[in-house]
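Peer 1: have a look at this fold, sequence not included:
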C-alpha cells in the first residue's frame, strides 16, 4: 500500500478551515496531522493613569462558547487579510490593533509599543497573535468611550488597576495573561512602580524617563535593578575618566597662561621707570615666588587628576572582570573578547603624557624658584651680609639659583614617584581581582 503524502482541506469553515496533512517520518512511514488554519490576530494592553495614580488596564467581557462562559480579556481582533511576512505584516497588524482598540473600547492611543508575537496553539493551529502596549489613550472622536461598537460581541468594558489584574487568578485567557505581564515588565523597566527614577544629571549620556499624557515615555531602562546600577556605575566611571583628562589639559594650559601673565605683568611694572624702581625687586620676588608655588600646587593637582583617571579605569575594569568571571564558564572564550582588562591598566612611565605634563610644570616651577632665589640673594641677602671675596661674588647667585632649581626638581620627582608607585598599583589590581572573583563565585552559588 502506497504511503499517503501532501495535504487536503477536510473542513472549510467560515472562520477556520481544517487541513489534513501527512508528514514523512525519519524512520519511515507517515504521520497524519489535523491542522486548524486560522487568521492572525492582534491584542492590545491599553493603559492609563487612574485618578489614584495607579496604572490601569482596559479589559473587555466577551462570551466564549468554546469554554461556555464569559471571559475578561484584553481587547483583541482578527487581521482581515491573508498571512503576510516582514514589514508589510507588521504594518497591517499595527493598523488592525489601532482599529480594534477604537471598535472594542472607543479609544485611540498616542504611543504603541510592540510586546511580542505569540503562537497560542502551535500544536494544531496556525494562528499567531501580535500583542501591543497602547499608551496615552484617550476617547476616539465620534466613539463612545468604554463601550463597544458591537455590544453583542463585547458586553462590558472595565478599567482595572494593572497590579490587581495581574493578581486575579480568574483571568485565564492566555494572550491576556501574557500581555499583562509583558506590559508590566516593560513599564517597570521604565519607571519604579510608576515613579520615574532620576539618573545621573551631569553629563547624562542617555535620555531619562519623561512623562507623556500622564504616562512615562519608553526610553531607557531606569529601574533599580542590579545590572542597571552596574551600568550607571560604569557610565559614571567612564565619564569621570574622560573628565579627568579634560581637566588635566585645562589645568596645564591655565598654569602656563598664568605664568605668562605674571611675568608679563612684571615686565610691564619694570617699564614704569624710576618711580617704581625701588619696589621692583620686591614685586619680582613676590610674583616669581607665587608663580613657583602655584606650579607646585598645579603639579600635585595634575597628579591627583591622573590618579582619578586611573581609579575610574580600575572601576570600569572591576565591573568588566566581574562579568568575565561570572560568564566564563557559561560562555567559553568570553574573556577573549576584551583587550583592555584589569591587568592591562597601565602604570606611569617616563615619556607618557602625564609625565611630560607634570615635569613641564615642575621645570617651570623650578626655574621660577631659582629666579626668586637669584633676585632675593642679590637684593636682600648680599646687602645684609656684605660682599664676599671678589673671585666668587659674581658666581654665588648663580650657584644658589642652580641649587634651588635642582632641589625643587628633585622634590617634585620624589612626590611624583611616591604617588605613582608601581608596586602599590600592582597590589591594588591584585586585591581588586581577588574581590571580583570572590563576588562572582558567591553569585554563582546563589
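Peer 2: Alright, I've got the coordinates. Worth saying up front: this structure is predicted, and the values here are computed from it rather than measured.

Peer 1: name the residues that touch stretch 341-353?
Peer 2: Contact partners of stretch 341-353, identified using CB atoms under 8 Å, 6 or more residues apart in numbering, comprise 306, 310, 313-314, 317-318, 320-321, 324, 335, 354-355, 416, 420, 422, 425, 429, 432-433, 436. Placement of C-beta: from N, CA and C, glycine included.

Peer 1: same deal with stretch 114-124?
Peer 2: Here stretch 114-124 has contacts from 33-36, 45, 90, 94, 125, 127-133, 174-175, 178-179, 182-183, 186, using CB under 8 Å, 6+ apart.

Peer 1: again, but for stretch 272-286
Peer 2: Contacts of stretch 272-286 (CB under 8 Å, 6+ apart): 266, 269-270, 371-372, 375-376, 378-380.

Peer 1: one more time with 7 Å
Peer 2: Here stretch 272-286 makes contact (CB atoms under 7 Å, 6 or more residues apart in numbering) with 266, 269-270, 372, 375-376, 379.

Peer 1: of the residues you listed, just the buried ones, PyMOL syntax please.
Peer 2: Buried residues among these (16 or more other CB atoms under 10 Å), as a PyMOL selection:
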select buried, resi 266+372+375+376+379
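
Peer 1: coming back round to it: now the contacts of stretch 341-353: which count as buried?
Peer 2: Buried subset of the contacts of stretch 341-353 (neighbour count, 16+ other CB under 10 Å): 306, 310, 313-314, 317-318, 320-321, 324, 354, 416, 420, 425, 429, 432-433, 436.

Peer 1: from those residues, which land in strands?
Peer 2: Counting by DSSP state E, none of the members of the buried ones among the contacts of stretch 341-353 fall within strands.

Peer 1: restricted to helices, list those residues.
Peer 2: Among the buried ones among the contacts of stretch 341-353, DSSP state H puts 306, 310, 313-314, 317-318, 320-321, 324, 354, 416, 425, 429, 432-433, 436 in helices.

Peer 1: residue 251 against residue 303, yeah?
Peer 2: No - counting by CB atoms under 7 Å, no contact exists between residue 251 and residue 303, whose distance comes to 11.0 Å.

Peer 1: hang on, residue 52 is in a helix, isn't it?
Peer 2: No - with DSSP: H, G, I helix; E, B strand; the rest coil as the criterion, residue 52 is assigned coil and is not in a helix.

Peer 1: do a quick rundown of the helices in the stretch 1-150 of the chain.
Peer 2: In the stretch 1-150 of the chain, the segments counted as helices under DSSP state H, counting those that start in this stretch are 86-105.

Peer 1: how about the strands in it?
Peer 2: Along the stretch 1-150 of the chain, counting by DSSP state E, counting those that start in this stretch, strands occupy 6-12, 16-24, 30-38, 41-49, 55-64, 69-73, 76-78, 107-118, 129-139.

Peer 1: quick one, which of the ones you listed is packed in tightest?
Peer 2: Highest mean neighbour count of the strands of the stretch 1-150 of the chain: strand 41-49, a mean of 24 (counted as mean count of other CB atoms under 10 Å).

Peer 1: in the chain, what secondary structure element scores lowest on mean pLDDT?
Peer 2: The helix or strand of the chain with the poorest confidence is strand 211-212; it has a mean of 51 (mean pLDDT, DSSP states H and E).

Peer 1: compare residue 251 and residue 303 (neighbour count), which wins?
Peer 2: residue 303 (21 against 17; other CB atoms under 10 Å).

Peer 1: helix or strand for the more buried one, which one?
Peer 2: Element membership of residue 303 [criterion: DSSP states H and E] is helix 280-327.

Peer 1: quick check: mean pLDDT of that helix?
Peer 2: For helix 280-327, mean pLDDT rounds to 89.

Peer 1: chain center to that helix: distance?
Peer 2: Centroid displacement of helix 280-327 relative to its chain, using CA atoms, centre = their mean, to the nearest Å, is 26 Å.

Peer 1: can you check stretch 13-23 too?
Peer 2: Here the centre of stretch 13-23 is set off from its chain's centre by 50 Å, with CA atoms, centre = their mean.

Peer 1: what do you get for stretch 348-367?
Peer 2: Computed by CA atoms, centre = their mean, the chain-centroid distance of stretch 348-367 equals 35 Å.

Peer 1: ok, stretch 51-59 next?
Peer 2: Distance, centroid of stretch 51-59 to centroid of chain: 30 Å (CA atoms, centre = their mean).

Peer 1: start to end distance for that stretch?
Peer 2: End-to-end distance for stretch 51-59, by CA to CA, to the nearest Å: 17 Å.

Peer 1: contacts for that stretch?
Peer 2: If you take CB under 7 Å, 6+ apart as the criterion, stretch 51-59 is touched by 45-50, 72-75, 105, 157-162, 165, 180, 187, 194.
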